[in-house]
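Asks: let me see the structure of the following:
(chains A and B)
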Amino acid sequence: SQQGEEDPQALSIQEGENATMNCSYKTSINNLQWYRQNSGRGLVHLILIRSNEREKHSGRLRVTLDTSKKSSSLLITASRAADTASYFCATTRPKTSYDKVIFGPGTSLSVIP
Amino acid sequence: EAQVTQNPRYLITVTGKKLTVTCSQNMNHEYMSWYRQDPGLGLRQIYYSMNVEVTDKGDVPEGYKVSRKEKRNFPLILESPSPNQTSLYFCASSPGLGYEQYFGPGTRLTVT
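Replies: From the prediction side, this is the model:
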C-alpha cells in the first residue's frame, strides 16, 4: 500500500491565492520531502523536513510536519501561473530490511491567471 | 552542470525484444534509483542501488534487471518487455538514502 497519500488529488485556484496540499503516511519516517513535476518532466526537489522538525520555509513554500498525525502539508503562498504542476510527497523510513523512498500519487495544481 | 541523463528519451518497441535504458549521473552520488510513473499511481520504485555492486528490489521489480558496475551508471534492462511495461521511467540519484534526489528527464517507453 502507498506510504504517502496526497490530498486533494486536484486543486484549481486563481493566481494570487494560496494553495495547500496535504500528505498522509502510514509508518514512522526519517524525513519527508516534497517534489514538483511539470507535465511529463522529471521531478524537482522542493523541500525536505526531518522527523524532528515541525515547520520549514523556503521562499513562498511552507511545509509542516505532524508526526503524531502522520501528516504533512505544503502551502504555496501568492500562487503564480508558473506554479501549475503536480506535487508529490515522498517519505523515507528508518532503516528496515530495505531502504527505499515511497512517493504518493500526487496533487495536480492548476493556477489560473 | 550537475545532472542525471537518460537515454533514450522515447522508445517504441515490440513485445519480447530486449532493451536497455541508460542512466548516468555526474555528481558522484552513491544512491541511484529507477521509478516508473503511471497515471493515478504516482511513482513506484523498481530497483535502487546504495553503491557500486549493491542493488536491491523496490516495489515493482518484476520484469526488470539492473546493474551498478560503476558509480555513475545505473542501466535498466528489460529482458523481455511486455505491454504492461509501457510507462514513463525516471532515473534518480542522491548522495545517500533520504537526501534530495535529482531526477533525469524521463524515458517514455511504449511496448506493442
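Asks: quick one: residues contacting A:Gln33.
Replies: Contacts for A:Gln33 (CB atoms under 8 Å, 6 or more residues apart in numbering or on different chains) come out as A:45-49, A:89-92, A:101, B:100-101. Bear in mind the C-beta positions are built from the backbone N, C-alpha and C, glycine included.
Asks: pull the number of nearby residues for A:Tyr87.
Replies: Applying other CB atoms under 10 Å in any protein chain shown, we find 23 other residues in the vicinity of A:Tyr87.
Asks: that one reaches A:Leu43, doesn't it?
Replies: No - using CB atoms under 8 Å, A:Tyr87 and A:Leu43 do not qualify as a contacting pair, with a distance of 9.7 Å.
Asks: okay, now the sheet partners of the helix-or-strand element of chain A with minimal mean pLDDT, with direction.
Replies: Across the helices and strands of chain A, the lowest-confidence element by mean pLDDT, DSSP states H and E is strand A:4-7, at a mean of 74. Strand A:4-7 has the following sheet partners, assigned by DSSP bridges: strand A:19-25 (antiparallel).
Asks: could I have the buried ones of the contacts of A:Gln33 as ChimeraX selection syntax?
Replies: Of these, the buried ones go into a single ChimeraX selection, burial set by 16 or more other CB atoms under 10 Å in any protein chain shown:
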select /A:45,46,47,48,49,89,90,91,92,101 /B:101
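Asks: next one: the biggest strand by length in chain B to chain centre, how far?
Replies: In chain B, taking DSSP state E as the definition, the longest strand is strand B:42-51. Here strand B:42-51 is found 7 Å from its chain centre; the criterion is CA atoms, centre = their mean, to the nearest Å.
Asks: for stretch A:50-58, same thing?
Replies: 12 Å.
Asks: pull up the distance across that stretch, start to finish.
Replies: From its first residue to its last, stretch A:50-58 covers 14 Å (CA to CA, to the nearest Å).
Asks: and the residue nearest the centre of chain B?
Replies: Within chain B, the residue whose C-alpha comes closest to the C-alpha centroid is B:Trp34; the distance, by CA atoms, centre = their mean, is 3.1 Å.
Asks: contacts only, for it.
Replies: With contacts defined as CB under 8 Å, 6+ apart, B:Trp34 is in contact with B:23, B:45-48, B:58, B:64, B:66, B:74, B:76, B:89-92.
Asks: widest-spaced pair of those?
Replies: B:Tyr64 and B:Ala92 (15.3 Å; CB to CB).
Asks: looking at those two, which is more packed in?
Replies: When B:Tyr64 is set against B:Ala92 and neighbours are counted by other CB under 10 Å, the residue ahead is B:Ala92, at 27 against 20.
Asks: what helix or strand is that one on?
Replies: When elements are defined using DSSP states H and E, B:Ala92 is found to belong to strand B:87-94.
Asks: circling back to that earlier point, state the mean pLDDT of the longest strand of chain B.
Replies: In this model, strand B:42-51 has an average pLDDT of 92.
Asks: tell me the strands beside that strand, with direction?
Replies: Strand B:42-51 pairs in its sheet with strand B:31-38 (antiparallel), strand B:54-57 (antiparallel), by DSSP bridges.
Asks: now it: buried residues?
Replies: Judged by neighbour count using 16+ other CB under 10 Å, the buried positions of strand B:42-51 are B:42-50.
Asks: so, low pLDDT: which residues of chain A?
Replies: By pLDDT under 70, the weakly predicted segments of chain A are A:1-4, A:94-99.
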